[in-house]
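Asker: Sequence first, predicted model second:
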Amino acid sequence: DLTIIDYGHCWIKVYGDPTISDTKTSFGNTNQKIVTISSTISNYIPWTRYYIRAYIITNEGMIYDQTYTSYK
């Protein structure tokens, strides 16, 4: 039975896969087994490419979603 210790988004402005060591929005722990992750990038710079992905830290380790690109 997985326990969610922390979850959120992490992002970078250079090509690659962001990690929780980069800029992130953290929502902390939850007792829910299914979570919807939605957040806003703080200090968003228009016309800048961002690489973003969701993460979940469980009692069994780290889980990352695929990396998405945002450019507006």
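Answerer: In hand now; what should we look at?
Asker: Per-residue pLDDT of the residue nearest the centre of the chain, please?
Answerer: Geometric centre of the chain, nearest residue: His9, 1.7 Å, by C-alpha atoms, centre = their mean. At His9, the model reports a pLDDT of 94.
Asker: Make 53 the first number, not 1, from now on.
Answerer: That works, and once the first residue is 53, the last one we named lands at His61.
Asker: SS state for it?
Answerer: strand (DSSP: H, G, I helix; E, B strand; the rest coil).
Asker: so what's it up against?
Answerer: 76-77, 89, 91, 93, 104-107 (C-beta atoms under 8 Å, 6 or more residues apart in numbering). Where C-beta positions appear, they are placed from N, C-alpha and C, glycine not excepted.
Asker: Distance to Tyr120 for those residues - can I get that in a markdown table?
Answerer: Formatted as a markdown table, the contacts of His61 follow (distance: C-beta to C-beta, whole Å):
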| residue | distance to Tyr120 |
| --- | --- |
| Lys76 | 15 |
| Thr77 | 14 |
| Ile89 | 12 |
| Ser91 | 13 |
| Ile93 | 12 |
| Ile104 | 5 |
| Arg105 | 7 |
| Ala106 | 9 |
| Tyr107 | 13 |
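Asker: looking at it, Asn81 is touching Val87, isn't it?
Answerer: No: in this structure, Asn81 is not within contact of Val87 by C-beta atoms under 8 Å, at 10.6 Å.
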